[in-house]
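Student: 3D, please:
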Amino acid sequence: MKNVVVFPGSFDPVTIGHVDIIKKASEIFDRVIVLVMKNVQKKGLFSYEQRKILIESAIEDIDNASVQISTGTLVDFMNEHSLEIIVKGLRNSEDFIYERDMAYINKKLSGNIKTLFLLTDSDEIMISSSVVRELIAYGMSLKGFVPKKVEDKIWEIVDEQSV
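Tutor: Numbering: from 1, shown residues only. Got it, this is the predicted structure:
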């Protein structure tokens, strides 16, 4: 299935940078699977299901993109679904070094997995989920960091969790 690509991440929460990469991938491939995954090095702010809902609202206009959740490894997901191409977004040289190493590891574990790197637009290079989580913690505006639909849903979720 060479016309299907997987865009994995923790997406805690999804940002405009993530959406930019999803749009770019959707223009290249027939189908984009946005895969919400566990990052064992991070404590999540949102549940997997909440992240899925946030992403779905952000990409509702992208007809060939869908969202799935996996708590296993990326290689296992790729093998289970007979998929071979991962797409990753790069903001800077630090992202490149980390993602290059992960691409080598995934290829070594599977043998047939290829990773494609797409550059984030320059005005979004400093946006990360970590920055957004910090803004949320201080109750600050998320405008310009997440899509408007996502911002509204984030505050609904945060309000529900604080009750």
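
Student: now do the helices in this structure.
Tutor: Taking DSSP state H, the helices of the chain run over residues 16-28, 48-58, 74-80, 93-110, 129-137, 148-162.

Student: measure S47 to P13 for me?
Tutor: Distance, S47 to P13, by Cβ to Cβ, to the nearest Å: 11 Å. (C-beta placed from N, C-alpha, C; glycine too.)

Student: list the contacts of S122.
Tutor: With contacts taken as Cβ atoms under 8 Å, 6 or more residues apart in numbering, S122 has no neighbouring residues.

Student: touching, Q50 and E156? I think so.
Tutor: No: contact between Q50 and E156 fails when scored by Cβ atoms under 8 Å: they sit 10.0 Å apart.

Student: ok, the two, which is more surrounded?
Tutor: Taking neighbours as other Cβ atoms under 10 Å, Q50 and E156 compare with Q50 leading, 19 against 10.

Student: close enough to count as contact, V75 and K108?
Tutor: No: taking contacts as Cβ under 8 Å, V75 lies outside contact range of K108: 9.5 Å.
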